[in-house]
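S.K.: sequence unknown, structure follows:
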């Protein structure tokens, strides 16, 4: 089964508001194996909406339309549906009575305009709305099941659940959609695709088909796998196998297969190893400390952070030798290393991280352009230092710096412990 | 002029993600008087997208399509456009070369699949993408101007702005929608509405009508004013008057009427006064330092930040007296004050800020529940200390703490300088 979701409302055509009803609708439809093929937003315009209805009916198995069922002139969904399907509107006395009683219970007279809400296209089933005055509508035409629901989520959701359980689930073949996400860092989108494409392409034709989508965001790539299957157990087994294949192909660059963000992966690694961390940041400006402390319970392993924009702060708080800054520059691997060593020593933590770079837009040079960032991760027995060249505006350089630092730390923590000679 | 916005991407048909590019696009189109009539979301399906293109072309004045321009098999926008308009795709060697150079600058070879991004429907104008590998496309057919742009917002926005300025604004009749935003902190939405509602309600029927929308987000309220007028000068005069009326009614709680975020307002106030700042954070975990250093040029006034989760860090780095923590608790006004004084003294900065609180979800007590946050702002001659009770999850408590600290600082900086007796 596939579906088309239409959101009606001129407010969704302004710069201020997006329709989010469609997310909740998609979740309920996916659960019965119905995937969403199109979404549309139409303003409070009877002709534009009529056109949308005409296009959807006969094209998809299920059409869900939300909004435009209120009592005012702006609310055109009933009229548009009546025109599109050529079904005359008829006032249903039972609905008028239900609305009147609803007002009465609140001690109010029913406004005359509310009679509009009792107009029903001939032959449509009326869906009761326990939480509002606008009833919904249900009908079928040319192979398309049509549900017309009110816009406010608290009214819409229970009515949707009724529609799914009563009308749609029995028509579904029982198959559902099941999802897993791989999160990857340290590789480009095209690199991930060239490694994984040959693996996942055949899956779309497997016994349990799995569709794969690559999403590239700043500093990370996500692979979304969606399996369609009759049984949850079979889907999960197929997804486990698929995730395993991709993990083996991508190696250590996969940092999460269960939805955890990188800062939580780091937190879990530190907790498992009973290690603590302190961080010294220049160009990332506190963002690494902030991301690490976004994780509930991070006070168990996060001791302190130092944001040292000025050279004075690097010298006073982290004991970076002034001569080192003169010799190598504040943005250099020796200084990143000294910052990591300095913050770790001060905090007496297991791990120290140092980040120094040029976030821009000013401060770049030919040798060290904007986006140059040196990062060091040190423990009692190991040190990793690396220089990166990030692209993008100031906030992106900051974010990518923190992403790279956490990834260096993750890779270091994954290594087997070094052989200790004493 | 009217427009249709198409977002391409199967991820926007899952329960997890909505397209938000269309908001930024709508804002730019509205600014030249072009209103958005339809929005559609289509998956990575070449036939479905081709169908959408066919429907939009000839129906609206402007079609903006985002996404599906990446290098992978999933990226079908070029193919769908080629089919819909019956224009063959041709590889443009100049684009191949530009992509190759882009990879080269990052020390990487160009993957073979990136050649797909150089395929251009015959006759289309290529739009340069300074921030990514995917060029955009521009063409016109049957009265519809068509812009095809990449999906990542940081690539899309500058290209959109180029398209609006170069191709669309000259076609507009000059009637535009003009907007101003008042940003407010320290008041609730209903408080703002009860103060401002009687002022702005009559504006919708004025000679130059102004529509007002209240948007409430975490830690701040925005009032969006939209005027419709033929002349920019008339609209701006009407909006200036409207903004002035609301500012007088709301007083000091309005922190910005020109779009600047709070961290930039703070930065400008510090710069004007040639003052420097250092911050000491516990529960906000570095987020205040990170927000302050999001502002380009903040190194001129931001000296250092200290994130002291542990009591040891508060004592060692900030010289908070251990007895004070024992007596009042780490989350207390005396400790917030001592943190602000300590970080200011260490940095020798004009201003010190101290934040200590309970971000949750654990750590709350009956006396000091989750969300309790003490904040201090100190200068050489003044000190402000205040305790807040914030609602919401961990990240919301963190954000609101930084918002409140910056607002305390803003109000302090706005005061006339104290009379100095010596």
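M.R.: Perfect, thanks for sending it. Keep in mind that what you see is a predicted model, and the values were worked out from it rather than measured.
S.K.: switch to C-alpha atoms for all contacts and neighbour counts from now on
M.R.: Noted.
S.K.: what residue ranges in chain A score low on pLDDT?
M.R.: A:417-422 (pLDDT under 70).
S.K.: That one: helices as residue ranges?
M.R.: A:21-31, A:46-56, A:77-85, A:93-105, A:153-163, A:189-200, A:232-250, A:262-272, A:287-292, A:311-318, A:322-328, A:333-347, A:394-414 (DSSP state H).
S.K.: Could I get the buried residue list for the third one?
M.R.: In this case it means helix A:77-85. In terms of neighbour count (16 or more other C-alpha atoms under 10 Å in any protein chain shown), helix A:77-85 has its buried residues at A:77-84.
S.K.: Kindly report the same for the fourth one.
M.R.: Within helix A:93-105, the residues that qualify as buried are A:95-96, A:99-100, A:102, counting by 16+ other C-alpha under 10 Å.
S.K.: how about the residues of the stretch 301-422 of chain A near chain B?
M.R.: Selection of the stretch 301-422 of chain A residues close to chain B by C-alpha under 8 Å from any C-alpha of the partner chain yields A:302-310, A:313, A:317, A:347, A:360-362, A:389, A:392, A:394-395.
S.K.: can I see the domain layout of chain A?
M.R.: A:2-171, A:176-256, A:262-414 (automatic domain parsing).
S.K.: so of the ones you listed, which one's packed in deepest?
M.R.: When the domains of chain A are scored by mean count of other C-alpha atoms under 10 Å in any protein chain shown, the highest mean neighbour count falls to domain A:262-414 (a mean of 21).
S.K.: can you tell me the distance between the two ends of it?
M.R.: Its first and final residues considered, domain A:262-414 spans 14 Å by C-alpha to C-alpha, to the nearest Å.
S.K.: Can you give the distance from that domain to the centre of its chain?
M.R.: Distance, stretch centre to chain centre, for domain A:262-414: 27 Å (C-alpha atoms, centre = their mean, to the nearest Å).
S.K.: contacting residues around residue A:120?
M.R.: Going by C-alpha atoms under 8 Å, 6 or more residues apart in numbering or on different chains, residue A:120 touches A:78, A:89-92, A:126, A:137.
S.K.: Return the distance of residue A:93 relative to chain B.
M.R.: 35 Å (C-alpha to the nearest C-alpha, to the nearest Å).
S.K.: Tell me who's in contact with that residue.
M.R.: Residues counted as contacts of residue A:93 (C-alpha under 8 Å, 6+ apart) are residue A:118.
S.K.: one more time with 10 Å, if that's ok
M.R.: In this structure, residue A:93 makes contact with A:99, A:115, A:118-119, judged by C-alpha atoms under 10 Å, 6 or more residues apart in numbering or on different chains.
S.K.: swap in residue A:375?
M.R.: Taking C-alpha under 10 Å, 6+ apart, one finds A:281, A:331-337, A:339-340, A:353-357, A:384-388, A:401-402, A:404-405, A:408 in contact with residue A:375.
S.K.: Apply 6 Å and report the result again.
M.R.: Contacts for residue A:375 were tallied using C-alpha atoms under 6 Å, 6 or more residues apart in numbering or on different chains; they are A:336, A:354-355, A:385-386.
S.K.: likewise residue A:138?
M.R.: A:124-125, A:146-147.
S.K.: 7 Å - rerun?
M.R.: By C-alpha atoms under 7 Å, 6 or more residues apart in numbering or on different chains, the residues touching residue A:138 are A:124-127, A:146-148.
S.K.: where's it relative to residue A:159, distance?
M.R.: With C-alpha to C-alpha as the criterion, residue A:138 and residue A:159 are 11 Å apart.
S.K.: Also residue A:7?
M.R.: Plainly put, residue A:7 is 16 Å away from residue A:159 if you go by C-alpha to C-alpha.
S.K.: Just grab the bridge partners of residue A:147 for me.
M.R.: Residues in a beta bridge with residue A:147, per DSSP bridges, are residue A:64, residue A:138.
S.K.: And it, how far from residue A:92?
M.R.: 18 Å.
S.K.: now swap in residue A:45 and tell me
M.R.: Counting by C-alpha to C-alpha, the separation of residue A:45 from residue A:92 is 24 Å.
S.K.: any chance of the buried residues of helix A:77-85 in CSV, with distance to chain B too?
M.R.: Formatted as CSV, those follow (distance: C-alpha to the nearest C-alpha, whole Å):
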residue, distance to chain B
A:77, 15
A:78, 19
A:79, 19
A:80, 16
A:81, 17
A:82, 21
A:83, 19
A:84, 17
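S.K.: need the contact list for residue A:395.
M.R.: Residue A:395 sits in contact with residue B:294, where contact means C-alpha under 7 Å, 6+ apart.
S.K.: what's the spacing between it and residue A:284?
M.R.: From residue A:395 to residue A:284 the distance is 9 Å (C-alpha to C-alpha).
S.K.: Residue A:57 too?
M.R.: 52 Å.
S.K.: Need the helices of chain A in CSV (columns: distance to residue B:37).
M.R.: Below are these laid out as CSV (distance: least, C-alpha to C-alpha, whole Å):
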stretch, distance to residue B:37
helix A:21-31, 19
helix A:46-56, 8
helix A:77-85, 16
helix A:93-105, 32
helix A:153-163, 23
helix A:189-200, 34
helix A:232-250, 40
helix A:262-272, 40
helix A:287-292, 40
helix A:311-318, 54
helix A:322-328, 58
helix A:333-347, 53
helix A:394-414, 33
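S.K.: what residues does the stretch 151-300 of chain A put near chain B?
M.R.: A:190, A:193, A:285-287, A:289-290, A:293-294, A:296, A:299 (C-alpha under 7 Å from any C-alpha of the partner chain).
S.K.: run the last query once more with 6 Å
M.R.: Residues of the stretch 151-300 of chain A lying near chain B by C-alpha under 6 Å from any C-alpha of the partner chain: A:285-287, A:289-290, A:293.
S.K.: Of those, which is the nearest to residue B:22?
M.R.: residue A:287 (28.5 Å; C-alpha to C-alpha).
S.K.: quick one: contacts for the closest one?
M.R.: The contact partners of residue A:287, by C-alpha under 6 Å, 6+ apart, come to residue B:290.
S.K.: again, only this time at 8 Å
M.R.: Applying C-alpha under 8 Å, 6+ apart to residue A:287 gives the contacts A:398-399, A:402, B:286-287, B:289-290.
S.K.: What residues does residue A:388 make contact with?
M.R.: Residue A:388 makes contact with A:371-375, according to C-alpha under 8 Å, 6+ apart.
S.K.: Reformat those residues as CSV; add distance to residue B:131.
M.R.: Formatted as CSV, these follow (distance: C-alpha to C-alpha, whole Å):
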residue, distance to residue B:131
A:371, 14
A:372, 17
A:373, 19
A:374, 23
A:375, 24
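S.K.: And those residues, which two are furthest apart?
M.R.: Of all pairs in the contacts of residue A:388, the most separated under C-alpha to C-alpha is A:371 and A:375 at 12.3 Å.
S.K.: Isn't residue A:177 up against residue A:29?
M.R.: No. In this structure, residue A:177 is not within contact of residue A:29 by C-alpha atoms under 8 Å, at 9.1 Å.
S.K.: Look up how far chain B lies from residue A:22.
M.R.: Residue A:22 is 8 Å from chain B, by C-alpha to the nearest C-alpha.
S.K.: wait, that residue sits on residue A:8?
M.R.: No. Residue A:22 is not in contact with residue A:8 according to C-alpha under 8 Å; the separation is 11.3 Å.
S.K.: List just the one of the domains of chain A that sits closest to residue B:52.
M.R.: Nearest to residue B:52, of all these, is domain A:2-171, at 9.7 Å by C-alpha to C-alpha.
S.K.: Any idea how far that closest one is from the middle of the chain?
M.R.: Domain A:2-171 sits 27 Å away from the centroid of its parent chain (C-alpha atoms, centre = their mean).
S.K.: and the end-to-end length of that domain?
M.R.: Start-to-end span of domain A:2-171 (C-alpha to C-alpha) is 12 Å.
S.K.: Same question for stretch A:159-170.
M.R.: Taking C-alpha to C-alpha, stretch A:159-170 runs 17 Å from one end to the other.
S.K.: tell me which parts of the stretch 1-150 of chain A are close to chain B?
M.R.: Residues of the stretch 1-150 of chain A found near chain B (C-alpha under 8 Å from any C-alpha) are A:13-18, A:20, A:22-27, A:36-43.
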